[in-house]
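A.B. asks: model this:
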Amino acid sequence: MDKLLSDIRGCEVCKAHLPLGPRPVVSGHPKAKIIIIGQAPGTKVHNSGIPWDDASGTQLRKWLNITDDLFYDETKIAIVPMGFCYPGKGKSGDLPPRPECAPLWHKPLFDTMPELKLIILIGQYAQKYYLKKDAKKTLTDTVSEYEKYLPTYFTLPHPSPRNRFWLTKNPWFEDHVVPVLRQKVKEILF
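C.D. replies: The predicted structure follows:
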């Protein structure tokens, strides 16, 4: 796995499309029990090289009810985004993850982690890629029907502060889904 992670971190496949240049952000270990698949690093994560090292990561750790130390323990949790590098800025936020990463690197990574128990799919890009025809028409529908994807997948909205409106409009998520997520994570990691 060390060689694979080194290859990913040295990847320059989509270099010409990256405004800040390549800096793939990924973590994993053969003993990992959970994989978190998000979108792509933002500028803060690009600069630090630490996955989920931003306000979204803080919120995600609250949802999971775990400490920073546990979140960054690669023997417990792997962090594998849909796009490994910052994709650039769009009109209403960051651009979508680069499409080259997941088909190129996800399966080889998954193949090195035989102890996986749960894949957390954050946001529509991860959900559409992995759930394919089983993804619902909207992210809200996919997240509200999270139980249909268990025990393999757990579907979440993006924990970005920009999603405050979605969270306010959908209080059922924090009232009903987050407690189940916390229980699943606790069962797997403790």
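
A.B. asks: and the lengthiest helix in the chain, which residues are buried?
C.D. replies: Ranked by residue count, the top helix of the chain under DSSP state H comes out as helix 178-189. Buried residues in helix 178-189, counted by 16 or more other Cβ atoms under 10 Å: 178, 181, 184-185, 188-189. All C-beta spots, glycine's among them, are computed from the backbone N, C-alpha and C.

A.B. asks: for that helix, name the packing helices and strands.
C.D. replies: Where contact means 3 or more Cβ pairs under 8 Å, 6 or more residues apart in numbering; DSSP states H and E, helix 178-189 is packed against strand 34-37, helix 55-64, strand 118-122, strand 153-156.

A.B. asks: please enumerate the helices of this protein.
C.D. replies: 2-9, 43-48, 55-64, 68-71, 101, 107-111, 123-131, 139-144, 164-169, 172, 178-189.

A.B. asks: among these, show me which one is buried the most.
C.D. replies: helix 101 (a mean of 23; mean count of other Cβ atoms under 10 Å).

A.B. asks: what mean pLDDT does that one have?
C.D. replies: Averaged across helix 101, pLDDT comes to 97.

A.B. asks: now render the helices of the chain as a markdown table, adding distance to residue 15.
C.D. replies: Below are these laid out as a markdown table (distance: least, Cβ to Cβ, whole Å):
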| stretch | distance to residue 15 |
| --- | --- |
| helix 2-9 | 13 |
| helix 43-48 | 14 |
| helix 55-64 | 25 |
| helix 68-71 | 29 |
| helix 101 | 12 |
| helix 107-111 | 20 |
| helix 123-131 | 21 |
| helix 139-144 | 30 |
| helix 164-169 | 33 |
| helix 172 | 42 |
| helix 178-189 | 36 |
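
A.B. asks: and the longest helix of the chain with helix 55-64, angle?
C.D. replies: 80 degrees (axes from the mean of the first three to the mean of the last three Cα atoms, to 10 degrees).
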